[in-house]
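1. Here is my input; please provide its structure:
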Amino acid sequence: MHMYNITDKDTFFDNATRSRIVYEILKRTSCSKAKYGMGITTLIANGVYEAAYPVHDGDYDNSETEMNDRKLLYREWARYSVFYKYQPVNLIRKYFGEKIGLYFAWLGVYTELLIPASLIGIIVFLYGCLTVDTDIPSNEMCDQGNNFTMCPLCDRFCDYWKLGSACATARASHLFDNPATVFFSVFMALWATMFLEHWKRRQMRLSYYWDLTGLEEEEEHPRPEYETKLLQKKLKKEKQKKKKNEQEKEEDNTDVTKNKWKDKVLSAMGGVHLTEKEKLTWRDRIPGYLINCTAILFMITLTFAAVFGVIIYRIITAATLAASQDDTTRANARVTVTATAVIINLIVILILDEIYGSVAKWLTDIEVPKTDKTYEDRLILKAFLLKFVNSYAPIFYVAFFKGRFVGKPGNYVYVFNGHRMEECAPGGCLMELCIQLSIIMLGKQLIQNNLFEIGIPKLKKLYRRLKEGRPKSAENSSCHSRQPQRWDLDYSLEPFTGLTPEYMEMIIQFGFVTLFVASFPLAPLFALLNNIIEIRLDAKKFVTELRRPDAVRAKDIGIWYNILSGMGKFSVIINAFVISVTSDFIPRLVYQYNENRTMHGFINHTLSYFNVSEFESGTQPGNNSEKVEFCRYKDYREPPWSQNRYEFTKQYWAILAARLAFVIVFQNLVMFLSEAVDWMIPDIPKDISEQIKKEKTVLVDVFMKEEHEKLQLIENFILQDRQRRKTENRGRRSRAASFCQFGRTQKDNAASGSNHHTDV
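-> Got it, this is the predicted structure:
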C-alpha cells in the first residue's frame, strides 16, 4: 500500500468505482453448475437471481442520518425548488458513473444554449406582432371595400364567401410568416452547429477532468441471449453429427469412439471456450433480419395509414359540418376540424410511441446482438426511426402535401365517394402547420415527458406495495419481521432500464426545435421551459425512484451525437422547403421585384378567375342568394376569357423557378456557414490542449530521463567491466613476469652446477 500512497483502503475507491469492480467480478465469474453459462448476467437471464444492483448510500430524506452523496444530490439537484442552480456534474459522475454524468452534462448544455435561441425566437414573434398592422397583404384581405368573392369550399352545400371573412387568419399568419422567419431559420441552422461544437468542447473538458481521454473500448463479454443462441446452434450440430455417426457406426467403429470422446470434451467446456470458437454467421441472422425489415416497413405503413385516416376524418367532417343547417356550425367548421384532427393526431402519436418502443426492443432481441453496446446501438436506431416517422408524419403532410393536389374549380380531385381533397386555409398552410406543430410538441412534452414519467412510476410503486401487502407464509413473515436492510429498500424501487428513453425524448424535441422552426419561432422557448422541469424530474427519478444503476465508464454520448448531427443537416433542407413551398415568402418576393418594390395588389395577383357557369352539374352552390358571374380561387392560372384558359401563367413558372433557386441557395449558403463555424471553433479548448501538451512534454521528459539514467547505468557498468578486465590483465602480466624471472634463475643455477661438475 505504501507504494501507491494509499492512506486508507476504505476510502481510496469511491462507491461508484467499487460497484463497477464488483460488477466486473460478478460478470466474469463463471458458474460451474451451468453448462455453458458465465457470470451474473447469465444467472439473471436464466431466472436464478431476480436482480443484481449496487445499493444506494442511504436515505435521502432522513434528517437524522449523516450526510451522504445521495442526500446531497437530493438537496442540491433533485428538487424543483433548486431549478436555478447549476448541476453538480462531478458529484453525479461520482455517484452514478461517467455515462449518466455525460447525459446530464449534455442535457445541461442543450438547455443552456436554448436560452439565446428562445430570445431570438421571441424577438421574431414580437416583430411579427409589431408589423402586422403595416403588412399590406393582410390589410388588403381585411379591406371590406376591396372584397373578393371566393369559390365555394365544398360542393353543393357551401356558398360563395368573401375573402374578408379570413381577415383574422391572415393577420395571425403574419405573426409567423414574415421576413424575420427567414433570418431565424438561418440562425437556428447555425445554432445547431454551434450547439454540437460547444458540446464537443464541453465533452472534451469533462473527459480530461474525469481521466477519460485515454479510455479505450474494453472487450465486452457476450450477452446471455447470444450465448444461449450459440448453445442451441452447437447442440443442433452435435445432434446432426450424432445421427450421422449412428448411420456410419457399422462401417467405422473407430470414428464413433473418437466422436464420443469429442462429445465428452465439448460437454465439459465452459461458455467462454464455446463463444470463442463459435459465432453466429449471416446465415443464422437472415431470419431475424427479414423479420426486422418486414416489421419496420409494416410499422411505417401503419403510421402513414393513421395519418391517412385522420385526413379522411377531416374531409368527411368538413363536408358534414358544411351541410349543417346551423350558421354557427358552418362558420366554425374549419376551426373545429383542425382542432379535433390535431388532438386525434396527438393521441395516435402517444399510443404508437409506446407500441413502437416495445416493438423496437422485440426486433432487437430477435437479431441477437453479441454485446450490450451493439444491442443498445441497434435498439436506438430502430426506436429512433419508428418514433421519428410517427412524430413528424402529420407535420410533413400539412407542410408539403396538404392543398397541393386539390385541382381547380370545375375539375377538383375527389376521393371516397365524391369528397373533395382538403385545401389550405385562406391565409395559407403555414398557420395550420404552426398549430399542428405547437399542439403536438406541447402535448408530447406535457403528457408523455412529464405526466407519464411522474404517474407511471407511482402507479407501479402502488401496485408493488399492494402486491407486497398480501398475506405471506410463516417463513416469509418471519423474514420480513426483521429490520429492512438497504438492499431490501432498494429492491422496492424501479429497475434502471437505460438512458435510451431519456435521450429519445430530447432528440425528438430537438427535431421540433430545428426541423420546422420556420413555422413556429416560439418552439425553442417552450423547449427551454420543458427542459428546466425535465432536468429536475430526471434527477428526482434517478435519486429517489430508481435502483442505483451500475457505474459505466464512457468517453462520449455514443451514437446520439451522430443522430443530432444528421438532424441538424436535415433541418437545413426542411426549413428551406418550408420557406419556399409552404410560406408566401417567395411569391411576395417575386411580386415585389416585378412591381417596383411595392406589395399593393398582391392579393389580387395571387387569385385567379373562374366562370361559375362551368361548374359541373350538382356541384354548384344550392342556396346561392346572390348573382355571381365569376368567383376567385388561389392559384396562378389564366382567366376564362384568355386563349389558354385555366392554364398556368408565366408567373407560376417564374415563382416555381424562384422557389427551387431559393432552396439551392439557402441550403448551400447555410451549409457553408455551418462548415465555417465548425472550422472556426476548435473541438478541444485551448487551455485543455495546452495542458495536454504540457503533460505529454513532462511525460517525454520523464521517459528521456529514465532512458538517460539507464544509459548512464549501462555506461558505468561497461566502464567498471573494462576496469575490472584491465586489473585482471595487469595481475596476469605480473604473475607471468615473476614466473619468467624464476625460470631464468633455475636455468642459471643448473648451468653453474654443470660447469662445476666438469671441473671436478
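
2. and the strand or helix carrying residue 714, average pLDDT?
-> Secondary structure from DSSP states H and E places residue 714 in helix 686-759. Confidence for helix 686-759, expressed as mean pLDDT, is 70.

3. From here on, call the first residue 274.
-> Sure, I'll start numbering at 274, so the last one becomes helix 959-1032.

4. Spatially nearest residue to residue 325 (excluding sequence neighbours)?
-> residue 313 (5.1 Å; Cβ to Cβ, 6 or more residues apart in numbering). (Glycine included, C-beta is placed from N, CA and C.)

5. Show me which positions of whichever strand or helix holds that neighbour end up buried.
-> Taking DSSP H and E as the criterion, residue 313 maps to helix 312-318. By neighbour count on 16 or more other Cβ atoms under 10 Å, the buried set for helix 312-318 is 312-316, 318.

6. and the helix or strand just after it, average pLDDT?
-> For helix 312-318, the following helix or strand on the C-terminal side (DSSP H and E) is helix 342-349. Mean pLDDT, helix 342-349: 89.

7. Could you check the angle the helix or strand just after helix 342-349 makes with helix 342-349?
-> Next helix or strand after helix 342-349 toward the C-terminus (DSSP H and E): helix 362-369. Following axes from the mean of the first three to the mean of the last three Cα atoms, to 10 degrees, one obtains 140 degrees for the angle between helix 362-369 and helix 342-349.

8. Residues contacting helix 362-369, please?
-> 287-289, 330, 342-343, 345-346, 349-350, 373-375, 377-378, 381, 479, 482-483, 815, 821-822, 824 (Cβ atoms under 8 Å, 6 or more residues apart in numbering).

9. Pull out the buried residues from those.
-> 288-289, 330, 342-343, 345-346, 350, 373-375, 377-378, 381, 479, 483, 815, 821-822, 824.

10. picking up where we left off before, how about the residue nearest to residue 325, what does it touch?
-> Contacts of residue 313 (Cβ under 8 Å, 6+ apart): 296, 299-300, 302, 322, 325.

11. and the gap between it and residue 323?
-> 12 Å (Cβ to Cβ, to the nearest Å).

12. what does residue 940 give?
-> 54 Å.

13. who has more neighbours, those two?
-> Remark: of residue 940 and residue 323, residue 940 carries more neighbours, 17 against 8, as counted by other Cβ atoms under 10 Å.

14. Does that one lie in a helix or a strand, and which?
-> helix 923-953.

15. Tell me the buried residues in that helix?
-> 924-925, 927-928, 931-932, 935-936, 939-940, 943, 947, 950.

16. again, but for stretch 474-490
-> Result for stretch 474-490 [16+ other Cβ under 10 Å]: buried residues 474-477, 479-481, 483, 485.

17. Stretch 602-612 now?
-> For stretch 602-612, by 16+ other Cβ under 10 Å, it's 603, 606-607, 610-611.

18. Stretch 784-804 now?
-> For stretch 784-804, by 16+ other Cβ under 10 Å, it's 784-801, 803-804.

19. Check the separation of the first and last residues in that stretch.
-> 14 Å (Cα to Cα, to the nearest Å).

20. tell me how far stretch 355-368 is from the chain's mean position?
-> 22 Å (Cα atoms, centre = their mean, to the nearest Å).

21. and that stretch, how far apart are its ends?
-> End-to-end for stretch 355-368, by Cα to Cα: 19 Å.

22. tilt between the helix or strand hosting residue 801 and helix 362-369?
-> Assigned by DSSP H and E, residue 801 falls within helix 796-813. Computed by the same axes, to 10 degrees, the angle separating helix 796-813 from helix 362-369 equals 40 degrees.

23. if we look at helix 796-813, which residues are touching it?
-> Here helix 796-813 has contacts from 346-347, 350-353, 355-356, 360, 377, 380-381, 383-384, 387-388, 390-391, 393-395, 461, 710-711, 714-715, 718, 722-723, 726-727, 775, 778-779, 782, 785-786, 789-790, using Cβ under 8 Å, 6+ apart.

24. Let me know the average pLDDT across that helix.
-> 92.

25. same thing with stretch 461-472?
-> 91.

26. Not counting its own residues, what contacts stretch 338-352?
-> Taking Cβ under 8 Å, 6+ apart as the rule, stretch 338-352 contacts 288, 329-335, 355, 358, 360-361, 364-365, 367-368, 809, 812-813, 815-817.

27. related to what we said a few turns ago, just the mean pLDDT for the helix holding residue 313, thanks.
-> pLDDT averaged over helix 312-318 gives 76.

28. same check, this time on stretch 934-943
-> 91.

29. Ok, stretch 859-870 next?
-> 83.

30. For that stretch, which residues meet the burial criterion?
-> 859-861, 863-864.

31. helix or strand for residue 298, which one?
-> helix 288-301.

32. shaky segments in this protein?
-> For the chain, the stretches flagged by pLDDT under 70 are 274-284, 303-311, 488-492, 522-551, 690, 700, 737, 740-755, 895-899, 1004-1033.

33. residue boundaries of the strands in it?
-> 422-423, 434-435, 680-681, 684-685, 687-688, 692-693, 880-884, 903-907 (DSSP state E).

34. Serialize those strands to CSV and add fields for mean neighbour count.
-> Shown next, in CSV, are those (neighbours: other Cβ atoms under 10 Å):
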stretch, mean neighbour count
strand 422-423, 18
strand 434-435, 15
strand 680-681, 14
strand 684-685, 13
strand 687-688, 13
strand 692-693, 18
strand 880-884, 20
strand 903-907, 18
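
35. Select, out of these, the one closest to residue 592.
-> strand 692-693 (5.7 Å; Cβ to Cβ).
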